[in-house]
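> need the 3D shape of this:
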Amino acid sequence: MAMAKSKTIYDVHPSVAMVQKWLAELREETGRSMEEWLALVKKEGPKDEKSRRDWLKSKHKLGTNKASWIAERAEGKGWEDTPEAYLKAAARYVEEQYAGPKEKLRPIYDELLELGKSLGDDVKACPCRTIVPLYREHVFAQIKPTTNSRIDLGFALTHYKCKLPKRIIDTGGLAKKDRITHRIEITAAEQIDDEVKKWLKTAYDLDA
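Sure thing, here's the model as predicted:
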């Protein structure tokens, strides 16, 4: 296990612990384990995810979250529930993000990831399917291949009260109460300059 950890630059997403807790409590709260729910859904439930979710809510009186998670699991979707499974999936998520037309963005991503991880030993990179968030206590930045020719480096700048330069684009996140409130567009590795480094460090420091 220690060897497996040393071979990855990624860290286990906080949601994995949440999923493990949720699974552990499912039988006590509902009378069935996840495996038992999945067997029931496949034996008696409807055939598509939405109908299964509605069926779990109406017939079995499950809340929206539980019904959604079980319906997703029945489709083979949902979050990985062990650190090992997540880390294996994390590397795949990144490969898929930078496949095909976005392959040329991979060197930019690699440089941004290295820059983010270099800010401190407490930085965690936890890939999702479409983005790679960088965590300290919370998400302070994210790397997203938004188009085939551009990566958006997002920042959590909710608590930054001074004037921002024009290069820093408002994402509308503040109004929506999203963590990521601003972004810088990057289309070439040469654009990862001192200004980019400054704002990444600023976002990191704000999450102290």
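> contacts, neighbours, all on C-alpha from now
Fine.
> give the other helices and strands that the lengthiest strand in the chain contacts.
With secondary structure taken from DSSP state E, the chain has its longest strand at strand 139-147. Identification of packing neighbours for strand 139-147 by 3 or more CA pairs under 8 Å, 6 or more residues apart in numbering; DSSP states H and E yields helix 106-117, strand 132-135, strand 150-155, helix 194-206.
> want to throw those into CSV with mean neighbour count, distance to residue 71 and mean pLDDT?
What follows is those, written out as CSV (neighbours: other CA atoms under 10 Å; distance: least, CA to CA, whole Å; pLDDT from 0 to 100):
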stretch, mean neighbour count, distance to residue 71, mean pLDDT
helix 106-117, 17, 34, 98
strand 132-135, 24, 26, 97
strand 150-155, 24, 32, 98
helix 194-206, 17, 37, 98
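> of all these, which one is nearest residue 23?
strand 132-135 (24.3 Å; CA to CA).
> quick one: contacts of stretch 42-59?
41, 62-64, 67-68, 70-72, 74-75 (CA atoms under 8 Å, 6 or more residues apart in numbering).
> now do the same for the residue nearest the centre of the chain: helix, strand or coil?
Nearest to the mean C-alpha position of the chain, by CA atoms, centre = their mean, lies residue 128 at 3.5 Å. At residue 128, secondary structure determined by DSSP: H, G, I helix; E, B strand; the rest coil is coil.
> return the backbone torsion pair for it.
phi -110, psi -170 (degrees, to the nearest 10).
> contacting residues around it?
If a contact means CA under 8 Å, 6+ apart, then residue 128 has 90, 93 as its contacts.
> now it: how far from residue 45?
Using CA to CA, to the nearest Å, we find residue 128 at a distance of 29 Å from residue 45.
> coming back round to it: buried stuff in the longest strand of the chain?
By 16 or more other CA atoms under 10 Å, the buried positions in strand 139-147 come out as 139-145.
> then stretch 118-125?
123-125.
> next: stretch 153-165.
Applying 16+ other CA under 10 Å to stretch 153-165 flags 153-158 as buried.
> go ahead and name everything in contact with that stretch.
139-144, 174, 179-186, 199-200, 203, 206.
> re the thing from before, out of the helices and strands packed on strand 139-147, nearest to residue 36?
With CA to CA as the criterion, residue 36 lies closest to strand 132-135 of these, at 33.4 Å.
> mind checking what helix or strand follows the one helix or strand in the chain whose mean pLDDT sits lowest in sequence?
Scoring the helices and strands of the chain by mean pLDDT, DSSP states H and E places helix 2-6 at the bottom, with a mean of 38. Next in sequence after helix 2-6, counting helices and strands by DSSP states H and E, comes helix 15-30.
> can you list the low-confidence ranges for this protein?
In the predicted model of the chain, residues 1-7, 79 satisfy pLDDT under 70.
> who are the contact partners of residue 41?
52, 71, 74.
> ok, for the first one, nearest residue in space, not its chain neighbours?
With CA to CA, 6 or more residues apart in numbering as the measure, residue 46 is the residue that lies nearest to residue 52, at 5.3 Å, once sequence neighbours are left out.
> what's the distance between the spatially most distant residue from the centre of the chain and residue 34?
The outermost residue of the chain relative to its centre, with distances by CA atoms, centre = their mean, is residue 44 at 33.0 Å. Separation of residue 44 from residue 34 (CA to CA): 15 Å.
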